[in-house]
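**Q** The amino acid sequence is not available; the structure is as follows:
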């Protein structure tokens, strides 16, 4: 049996990790109060389970893993309540995307002419993306973040959130439509 490589020091958690954990959570939750609660829940859970910490990963990574699971649990509970409304939406025609989830030629967004070599323009564009992402509904924001920021595949997202593939595609569909409209309104037509 190998010796633990890392140890924990719960007395330092709040000072060392509360801000970065909050930033991680608020990007994924889009609600600062819920993000604060999830960080507190993370610390409580870690404290309750500190005797089980085996030192195989750093304390910081262990806390992030707990927080990630708290975020996923939060969305799993939300996903259950949204399933019926999503299923109702499935009956409507998806006239913007093909069966693979790609834009159809006649409804695809116009070409965005952004010069990524200009730092100021890139920062402003990234801020516009973040502002639009924050306008998505909670579950749409999480699915969008998991897919396009965290680069999870659809199967993993469905498994993590305990949602069906159909529910996943509806969430992605709605998020893409809303992001497109918001970015075109707030970036290209400003």
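**A** Received the coordinates, thanks. Remember, it's a predicted structure, so these values are computed and weren't measured experimentally.

**Q** can you list the domains in this protein?
**A** Split into domains by automatic domain parsing, the chain comes to 10-82, 93-188.

**Q** Quickly, which of those bottoms out on average pLDDT?
**A** Lowest mean pLDDT within the domains of the chain: domain 93-188, a mean of 78.

**Q** what ranges do the helices span in the protein?
**A** 13-29, 32-48, 59-90, 119-134, 138-144, 154-161, 165-183 (DSSP state H).

**Q** Dump the domains of the chain into JSON lines; add mean neighbour count as well.
**A** (Glycine included, C-beta is placed from N, CA and C.) JSON lines is the format used below for the domains of the chain (neighbours: other C-beta atoms under 10 Å):
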{"stretch": "domain 10-82", "mean neighbour count": "16"}
{"stretch": "domain 93-188", "mean neighbour count": "15"}
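
**Q** returning to that earlier point: want to throw the helices of the chain into CSV with distance to residue 6?
**A** What follows is those, written out as CSV (distance: least, C-beta to C-beta, whole Å):
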stretch, distance to residue 6
helix 13-29, 14
helix 32-48, 13
helix 59-90, 6
helix 119-134, 33
helix 138-144, 29
helix 154-161, 25
helix 165-183, 35
